[in-house]
Every structure is written in C-alpha cells, then in structure tokens.
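*Asks:* Give me coordinates for this.
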Amino acid sequence: MLEVEGLTKSFGGLLAVNDVSFKIKEKELSAIIGPNGAGKTTLFNLLTGEIRPDSGRIIFNGKDITRLPSHTICRGGVARSFQRLNIFPRLSAFENVQVALFSAQRKSGNLFSRAEKMAREETGEILESVGLYDKQGVRAGLLAHGDQKRLELAIALASQPELLLLDEPTAGMSPKETIEAVELIRKEVKDRGLSLIFVEHDMSVVFGIADNIKVMYQGRMIFQGEPGEARAHDEVQSIYLGGAKI
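*Replies:* Next up is the predicted model:
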C-alpha cells in the first residue's frame, strides 16, 4: 500500500530524516518507535504532505504523492492525528466530525448551507463507534483529555482513510484511558480494514497493537521487524532502551 524510498529531510545543519525506506502492506499495523528527536514526527509530516522532502519518494497505492499538498493526500486516503490535539475547541464534538465529513465529501466550500441536515447519520455513526455519541453536543474544548483524543480519532476516521497515521495516540492519558484507547484503535482499524502507522513511547501500547515495529535513531531507520525480533535485537536494546529489556 505504501512505499517509502530514500526519504531525506534536513533543517539547516540537522538531518532529521536520513535516507529512510520502508513498505507498509494492506491492513498492516505498524509502530514507529525511537527516542525524542529521532525524526518520527518529521517522517509523519513528510508522509502527509505537511513538509516536502529534500530527496526520496512516497508511493501510495501505486501513485507518487511525494510533492502533493496535504489536503490532496488526505482526500486520497491518508489521514492522521497529531502529537498535540488538533480539534476545533469551540465547536461541538458533533460539529467537529461533521466538518471533517464535509471536507471528505468535498462540501467544505458550502458549510453553512443546510449544514444541520448534512451527514448527520454518518457523523452519529462515527461518534458512536468511538464512544462519544452521548457527548456529541458538548463543546470540544470542554471534553476530558481522553475524550478529546477519541474525538481526534473520529475526525481522522471521518476523512474515510485507507491508511491511518496516529502520532502518540495515548499521550497524556491515564492508565485506564490508555487501555481503552488501545482497545478502541484495534477495533476501529480491524472493523474498517485500515492500515495503521503509529508513533508511541508507551511500550505496552506498541506491543498491544503492532504486528510490525520500526525503530528510528538520529533520523535513520535502524530496525524493521516483528515485535519479538525487536525485543531480542541488540541495537534496538542499546540505542533505544539503554540496554533495558522491553
């Protein structure tokens, strides 16, 4: 589904992503891990068109999307969440998802024309699937942090993706919220037949979701393989975890 070939991006003298190559198969659940500053979020920004690479190619479903703008990539089937919450805090949970559906259906240029009747059923279904149906009328900025993360997932799902990118989906959550988030993510990607790439620091989340793990260090991809292989890999243990076992 996704082929990344020799992707490189530098900022001044900092080589943030250094000749990174990998593939994602259809319905693969892949985690990208690594210490802070490894280049994970920069890689996400490259994959989704937020920034452009200095060199390399990104092929999605056989199409070169390397230099396409982010909205075109999103409408082509790639959706993401962000490290920091990216919601409309003054809109209700319902309106946040409804607006995302408008954009996916290319109706965002006419948001205020009979908007109350547009995509209501689809919006309600998405909110119900992430556990926010009973809070659909609540202003997004007033939701608890865990519910805001659920809402961000709902917004990403509203764009009707084939490939979902989640940047630290459990950041700031309590242990209980983290367990619920892992179960929700697994359920949604399975039920919708999605491919998933996610960045995460919590190893219980990584090993609870991923069937493939990629490790970045100083902009390079130093390991790609199954979770069991990552646990036993000497370089992963020494560079990422300081020798501690995962």
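*Asks:* okay, CA-based contacts and neighbour counts for the rest of this
*Replies:* Will do.
*Asks:* which residues are in contact with the helix or strand where Val215 lies?
*Replies:* Using DSSP states H and E, Val215 sits within strand 212-217. Strand 212-217 is contacted from outside by 28-35, 38-40, 221-227, 230, 236, 239-240, using C-alpha atoms under 8 Å, 6 or more residues apart in numbering.
*Asks:* what inclination does the next helix or strand after it have with respect to strand 212-217?
*Replies:* If you walk from strand 212-217 toward the C-terminus, the next helix or strand you reach (DSSP H and E) is strand 220-225. Comparing the axes of strand 220-225 and strand 212-217 via axes from the mean of the first three to the mean of the last three C-alpha atoms, to 10 degrees yields an angle of 160 degrees.
*Asks:* CA-only coordinates of the longest helix along the chain in CSV, if you can.
*Replies:* If you go by DSSP state H, the chain has its longest helix at helix 175-192. C-alpha atoms of helix 175-192 as CSV (Å, rounded to 0.1, in the frame of the first residue of the first chain):
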residue,chain,number,x,y,z
PRO,A,175,-3.6,4.0,32.6
LYS,A,176,-7.3,3.3,32.3
GLU,A,177,-7.7,5.6,29.4
THR,A,178,-4.7,4.1,27.7
ILE,A,179,-6.1,0.6,27.9
GLU,A,180,-9.4,1.8,26.5
ALA,A,181,-7.6,3.7,23.7
VAL,A,182,-5.7,0.6,22.7
GLU,A,183,-8.8,-1.4,22.5
LEU,A,184,-10.6,1.3,20.5
ILE,A,185,-7.8,1.7,18.0
ARG,A,186,-7.5,-2.1,17.4
LYS,A,187,-11.3,-2.3,17.0
GLU,A,188,-11.6,0.6,14.5
VAL,A,189,-8.7,-0.4,12.3
LYS,A,190,-9.9,-4.0,12.2
ASP,A,191,-13.6,-3.2,11.6
ARG,A,192,-12.7,-0.7,8.9
